[in-house]
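[1] Return a 3D structure for these sequence lines:
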Amino acid sequence: MTTYRNIHGRSIRAVTTDPTAEVSEGEIWYNTGSDTFKSIVSSEAWVSGSSLINNRNLNAGAGTQTAGAVFGAPSTNGTTPSPAGSIEEYNGSGFSNGPNMVTKRTRLGGAGTQTAALGAGGYSNPPNSPNQTTTEEYDGSSWTSSGALNSGRQNLGLTGIQTAGLAFGATVATETYNGTSWTAVNNLNTGRNALTGAGTQTATLAFGGHPASSATESWDGTNWTTVNSLNTARGFSAAAGTQTSALNFGGTTGSSTTATESWDGTNWSTAPSLGTARYGLSGDGTSSLAFAAGGSSPHVVTEEFTKSANVITGGAWASGGSLNTGRYDLASTGSQTAAIAFGGAIPVKNETEEYNGTSWTEVNNMGTARYSLAGAGTQTAALAFGGGPGTYTNSETWNGTSWSEGNDLNTARRSLGGVGTTSAALAYGGYNGSATVNNSEEYNGTSWTEGNNLNTSRRTNSGSGIQTAALAMGGNPGSSPYITTATEEYDGSSWTNGGALIVSRRNGAGSNGQGTQDSALYFGGATAAPATGSTGTEGYDGTSWSTRPSLATARNYIAGCGSQTLAMAIGNYPANGVTEEFTGETSAVNVKTLTQS
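    Numbering: from 1, shown residues only. Below is the predicted model:
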């Protein structure tokens with residue numbers, strides 16, 4: 001008789017708690033606590049990802065789920081590309097802006113990797129521009145024009161890599177690319193528009209088309225062969241994978257669809273649906289790790305597909321417990337489960353509250369009521385400094401029970417930034433009552449000492465990090481347009497310019513308390529003057545900012561704390577006590593209890 005040990009080479013083990021890692025899919029164990037047999041099983045699903053920076057429809061994609069690219073002209077209608085076609089790079093968490101293409105266009109084909117992408121064909125501005133033959137190569141830094149397609153076309157399929165591509169469809173024509181020029185080869189059996197495909201130059205699968213088509217063909221490097229059809233006929237869909245293991249998602253059947261199908265080399269089968277129905281989207285990756293971005297309204301949505309023994313939960317903001325005293329322009333520090341918030345407006349506040357991960361509790365008030373102040377430290381050892389109305393120099397220290405007066409700042413100011421601890425804090429920027437300032441000061445637990453200035457004077461800026469590795473981002477430089485993308489890094493001695501924010505903002509909040517110089521979060525704030533709040537969230541990796549899931553509520557003059565993966569947004573203008581909690585993407589093994597049914 002065949003036994004589990006004969007098959008797997010080991011016996012079923014008995015454990016008191018279920019394993020959380022290092023377990024193979026299909027392995028069975030006996031949980032003595034629950035008196036059940038359990039196993040790890042594979043699951044597959046789409047989860048929400050960070051939004052694109054630009055509205056995009058009928059664009060191209062390349063790369064993988066953790067190193068992807070979306071390119072071609074940002075376009076909401078698929079007809080008028082404006083502005084010039086750009087690339088957005090995806091790092092698995094969010095998007096960052098890259099350079100424009102040489103020729104702006106939409107409805108083009110895309111292939112290759114994030115640092116070696118290929119774009120071909122497409123459609124430029126109507127009404128008199130012809131279908132494009134233009135080909136461009138991306139090297140991770142810039143786009144370069146290359147050899148033209150033999151036949152101009154839009155809504156074509158493109159597979160392979162930058163030095164070995166395959167273009168097909170829009171007509172029956174098929175062409176191969178050698179990194180320099182295109183060569184016409186044998187035609188598709190069924191000419192069609194708006195199809196897509198997966199694979200290499202010598203082994204590609206082409207499927208779908210518009211009007212809604214279910215046709216699927218396989219390319220062997222010489223000829224196309226008709227194979228089993230899609231279950232859902234559609235065009236303007238996206239794809240990932242290879243000739244023998246592909247994924248097809250989205251598109252239009254006459255209306256937008258969420259349909260996803262997987263190909264096993266012989267047949268198509270139904271897979272979990274997209275969360276958002278759309279066509280004209282782009283995507284790439286593998287049949288088990290793919291991404292889908294943009295498309296028909298909404299044009300910025302991104303989703304990730306994962307098939308694994310882990311259950312993936314996408315990063316998102318969720319409602320947290322409300323402050324007891326509604327306010328804005330307050331300060332905070334600490335973690336998502338142990339935060340402290342103090343001060344605020346209007347009228348001017350001295351209230352202090354502590355958060356335990358669920359609810360806020362009133363504790364002893366600050367000695368001086370103020371708003372537009374800065375904070376540093378933890379829930380049990382915090383520092384409050386500066387603020388208004390007017391401008392203040394005074395600092396107060398929190399010991400977990402009460403506030404006590406400390407030595408004053410050298411420069412009276414409000415709307416300043418601050419990071420660090422009660423024994424090693426940093427204050428920078430702000431407004432001194434007559435002008436925006438750039439000076440910074442260091443605190444050693446007893447007194448403040450002048451440090452080197454910021455490169456960009458600003459107020460209402462935010463921060464992350466510690467005294468010797470701080471980050472200052474955004475703010476109001478004191479002149480039109482009163483917002484900035486400027487980011488600066490402090491090394492304990494001097495400030496240097498870092499990667500600019502994607503969107504200029506002020507009055508937003510950073511991951512103060514647990515965020516670092518190379519792992520920070522910035523969220524909310526005004527993107528224009530007069531000030532109106534935003535939902536935008538960005539993450540910093542020490543070099544550049546990329547998008548993250550948006551806040552549920554547009555916010556302005558807010559406080560923030562936590563880390564890049566566990567953060568809080570606190571308060572809002574006009575005064576309210578609403579908070580939100582951010583949790584980054586999580587992964588957990590998919591444990592299932594085995595039954596006889």
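[2] does residue 502 really touch residue 98, like I thought?
    No. Residue 502 lies out of contact with residue 98 (CB atoms under 8 Å); the separation is 11.6 Å. For the C-beta atoms, the positions are set from N, CA and C on the backbone; glycine is no exception.
[3] Run the chain-centre distance for stretch 45-53.
    Relative to the centre of its chain, stretch 45-53 is centred 7 Å away, using CA atoms, centre = their mean, to the nearest Å.
[4] Ok, stretch 528-539 next?
    Centroid separation for stretch 528-539 versus its chain: 16 Å, with CA atoms, centre = their mean.
[5] Neighbours of residue 32, how many?
    Residue 32 has 11 neighbouring residues, counting by other CB atoms under 10 Å.
[6] ok now stretch 560-567, how far from the chain's centre?
    15 Å.
[7] List the contacts of it.
    Defining contact as CB atoms under 8 Å, 6 or more residues apart in numbering, one finds that stretch 560-567 is touched by 315, 332-337, 339, 462, 508-516, 519-521, 523-524, 539-540, 568-570, 581-584.
[8] got a list of what the spatially most central residue of the chain touches?
    The chain has residue 94 as the residue nearest its centroid, 2.3 Å off, counting by CA atoms, centre = their mean. For residue 94, the contacting residues are 49, 50, 538, 539, 546, 547, 548, by CB under 8 Å, 6+ apart.
[9] Recalculate using a threshold of 7 Å.
    Going by CB atoms under 7 Å, 6 or more residues apart in numbering, residue 94 touches 50, 539, 546, 547, 548.
[10] I'd guessed the second one sits against residue 521; true?
    This means residue 539. Yes. Between residue 539 and residue 521 there is a contact under CB atoms under 7 Å: 5.6 Å.
[11] Hmm, residue 412 and residue 432 touching each other?
    Yes. Residue 432 lies in contact with residue 412 (CB under 7 Å); the separation is 6.3 Å.
[12] what touches both of these two?
    residue 391.
[13] Can you tell me how far the residue nearest to the centre of the chain is from residue 458?
    Counting by CB to CB, to the nearest Å, the separation of residue 94 from residue 458 is 24 Å.
[14] Quick one: the strands in the stretch 101-250 of the chain, in order.
    Using DSSP state E, counting those that start in this stretch, the strands of the stretch 101-250 of the chain run over residues 109-112, 117-120, 135-138, 143-146, 157-161, 164-168, 174-177, 182-185, 196-199, 204-207, 216-219, 224-227, 238-241, 246-249.
[15] And the chain, split by domain according to the record?
    Domain assignment for the chain by automatic domain parsing gives 13-42, 45-290, 320-583.
[16] If you average pLDDT over each of those, which is lowest?
    In terms of average pLDDT, domain 13-42 trails the rest of these, at a mean of 71.
[17] ok so, going back, give the residues shared as contacts by residue 539 and residue 521.
    Common contact partners of residue 539 and residue 521 (CB under 7 Å, 6+ apart): 548, 564.
[18] OK, contacts around residue 557?
    328, 329, 507, 573 are the contacts of residue 557 under CB under 7 Å, 6+ apart.
[19] quick one: it is in a strand?
    No. Counting by DSSP: H, G, I helix; E, B strand; the rest coil, residue 557 is not part of a strand but coil.
[20] From residue 460, how far out is it?
    Where residue 460 is concerned, residue 557 sits at a distance of 8 Å (CB to CB).
[21] Also residue 147?
    51 Å.
[22] ditto for residue 287
    Taking CB to CB, one finds residue 287 at 47 Å from residue 460.
[23] start to end distance for stretch 260-270?
    6 Å (CA to CA, to the nearest Å).
[24] If you could redo that for stretch 504-524, that was the one I meant.
    11 Å.
[25] next one: stretch 474-494
    Using CA to CA, the end-to-end distance of stretch 474-494 comes to 18 Å.
[26] before we move on, what about stretch 176-190?
    The straight-line separation of the ends of stretch 176-190 (CA to CA) is 18 Å.
[27] now do stretch 521-540
    Note: stretch 521-540 ends 6 Å apart using CA to CA.
[28] got it, and stretch 237-254?
    12 Å.
[29] quick one: residue 101 and residue 144, what's the gap?
    From residue 101 across to residue 144, the span is 10 Å (CB to CB).
[30] Neighbour count: those two, which is higher?
    Per other CB under 10 Å, whichever of residue 101 and residue 144 has more neighbours is residue 101, with 25 against 10.
[31] Wait, the more buried one touches residue 143, no?
    Yes. At 4.9 Å, residue 101 counts as touching residue 143 under the criterion of CB under 7 Å.
[32] tell me, what's touching these two both at once?
    What both residue 101 and residue 143 touch, as defined by CB under 7 Å, 6+ apart, is the set residue 136.
[33] ok, residue 195 touching residue 169?
    Yes. Under the criterion of CB under 7 Å, residue 195 makes contact with residue 169 at 4.4 Å.
[34] shared neighbours, these two?
    Shared contacts of residue 195 and residue 169, defined by CB under 7 Å, 6+ apart, comprise 157, 206.
[35] tell me the contacts of residue 425?
    376, 383, 418, 443, 467.
[36] Now residue 146. Nearest residue, chain neighbours left out?
    What sits nearest to residue 146 in space, not counting adjacent residues and going by CB to CB, 6 or more residues apart in numbering, is residue 135, at 4.6 Å.
[37] I meant residue 238, not that one.
    Setting aside the residues directly before and after it, residue 238 is nearest to residue 283 in space (CB to CB, 6+ apart), at 3.9 Å.
[38] Test my guess that the one you found contacts residue 246.
    No. Contact status for residue 283 versus residue 246: not in contact, 11.7 Å apart, counting by CB under 7 Å.
[39] Using PDB, list the CA coordinates for stretch 307-317.
    Taking Å, rounded to 0.1, in the frame of the first residue of the first chain, the C-alpha atoms of stretch 307-317 are listed here in PDB:
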ATOM      1  CA  LYS A 307      -0.500  32.400  -7.100                       C
ATOM      2  CA  SER A 308       1.400  30.800  -4.200                       C
ATOM      3  CA  ALA A 309       1.200  29.000  -0.900                       C
ATOM      4  CA  ASN A 310       0.900  32.400   0.700                       C
ATOM      5  CA  VAL A 311      -2.200  34.600   1.100                       C
ATOM      6  CA  ILE A 312      -1.200  38.100   0.000                       C
ATOM      7  CA  THR A 313      -3.100  41.100   1.500                       C
ATOM      8  CA  GLY A 314      -2.500  44.400  -0.400                       C
ATOM      9  CA  GLY A 315      -1.300  47.600   1.500                       C
ATOM     10  CA  ALA A 316      -4.200  49.900   2.400                       C
ATOM     11  CA  TRP A 317      -5.400  52.700   4.700                       C
END
